[in-house]
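S.K.: Predicted coordinates and the sequence they were generated for:
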Amino acid sequence: MYEQDVVVTTKYGPCPSFVACPDGPGPFPGIIFYMDAPGIREELRNMTRRIARHGYFAILPDMYYRLGTLRFDVARRDDAQAQVFLAAMRSLTNAMVMDDTAGLLGFLDAQDKCKPGPVGCVGYCMSGQHITNAAAFFPHRIKAAASLYGVGIITDKEDSPHHFLDRIKGELYYAFAETDRSVPPNIPGDLDKLLSKTNVKYEIKTFPGTEHGFAFAERAVYNTLAAEETWEKMFAMWDRCLKKG
């Protein structure tokens, strides 16, 4: 396994990131891994490695880089800690993340081990909105995007991702938890209605008996069967969209 800490150049400055891919020259299709609100930690690096082992060049950017180096001990999470990383999450705008995505695509294009052309992405929690926007604002590049219990996909804001669904050319996969204080219960159904009016290929599933965060193995709410199904769905989508030709 090839893995390395790298720096991605963006319009806002250097963005520390972690990359992983199989040993060998490749090239391997690129996958952008947009983090959740608690930020960079070894759990996310291990998930990045899992993506890499499946035959991809995966990159995990530190989306809080504008604030310095933020690291949270999620296992000791309490209300005070949560307030800090939620404030960090709210410091990001959709426009900022799309600017960062342009830098990430530029970085991937410069890597010998990354296959030119179509790219996939995945976002957990706060980044469900970001993978949706990435697919809409970079339709010529993002061909397979996945969201796990994503927030902010449908809001009353002018820049809400749902306003741009008709721009998307790639495939989408959305997995939601049955019990989720961060995602209103109407969102999966409303998203389904909106996407059904487009030509986008998509799948939406709400997993019974799950809670927000069910795909993170280090959390008490981890649900093995649901988490593994999401991995299978993501890999199947990425394989058919990114490994052809």
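M.R.: All right, it came through fine.

S.K.: Is the most centrally placed residue in the chain part of a helix or strand, or is it coil?
M.R.: In the chain, the centroid-proximal residue (C-alpha atoms, centre = their mean) is Gly123; its distance is 1.8 Å. Three-state assignment for Gly123 (DSSP: H, G, I helix; E, B strand; the rest coil): strand.

S.K.: so which strand or helix has Gly106?
M.R.: helix 94-109 (DSSP states H and E).

S.K.: So Leu60, which state does it fall into?
M.R.: Classified using three-state DSSP, Leu60 is strand.

S.K.: quick one: the helices in the protein?
M.R.: 42-53, 79-90, 94-109, 128-137, 187-195, 224-242 (DSSP state H).

S.K.: would CSV of those with mean pLDDT and mean neighbour count be doable?
M.R.: Every residue, glycine included, has its C-beta placed from N, CA and C. Output for the helices of the chain, formatted as CSV (pLDDT from 0 to 100; neighbours: other C-beta atoms under 10 Å):
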stretch, mean pLDDT, mean neighbour count
helix 42-53, 97, 17
helix 79-90, 78, 13
helix 94-109, 98, 18
helix 128-137, 98, 27
helix 187-195, 98, 17
helix 224-242, 98, 17
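
S.K.: Among those helices, which comes closest to Ser17?
M.R.: helix 94-109 (7.7 Å; C-beta to C-beta).

S.K.: What is that closest one packed up against?
M.R.: Counting contacts by 3 or more C-beta pairs under 8 Å, 6 or more residues apart in numbering; DSSP states H and E, helix 94-109 is packed against strand 2-10, strand 13-21, strand 28-34, strand 57-61, strand 114-124, helix 128-137.

S.K.: What is the neighbour count of the spatially closest residue to Met234 that is not a sequence neighbour?
M.R.: Leaving out its chain neighbours, the residue that sits closest to Met234 by C-beta to C-beta, 6 or more residues apart in numbering is Ala146, at 4.7 Å. Residue neighbour count, defined by other C-beta atoms under 10 Å, stands at 26 for Ala146.

S.K.: For Ala146, which residues are in contact?
M.R.: 120-123, 131, 172-175, 230, 233-234, 237 (C-beta atoms under 8 Å, 6 or more residues apart in numbering).

S.K.: Same check on Ile59?
M.R.: So Ile59 contacts 6, 8, 17-19, 30-33, 48, 104, 107-108 (C-beta under 8 Å, 6+ apart).

S.K.: May I have the beta-bridge partners of it?
M.R.: Counting by DSSP bridges, Ile59 is bridged to Val19, Ile32.

S.K.: could you give the mean pLDDT of stretch 152-170?
M.R.: The average pLDDT for stretch 152-170 rounds to 97.

S.K.: how long is stretch 146-153 from one end to the other?
M.R.: This stretch, stretch 146-153, spans 12 Å end to end (C-alpha to C-alpha, to the nearest Å).

S.K.: what's the pLDDT at Ala75?
M.R.: On the pLDDT scale, Ala75 gets 69.

S.K.: What of the one 3 residues further on?
M.R.: What the model reports as pLDDT for Asp78 is 70.

S.K.: How many neighbouring residues does it have?
M.R.: 7.

S.K.: Could you check how far it is from Val84?
M.R.: Using C-beta to C-beta, to the nearest Å, Asp78 is found at 10 Å from Val84.

S.K.: What of Glu218?
M.R.: Taking C-beta to C-beta, one finds Glu218 at 19 Å from Val84.

S.K.: Also His212?
M.R.: 19 Å.

S.K.: Same check on Tyr124?
M.R.: 19 Å.

S.K.: Noted, bye for now.
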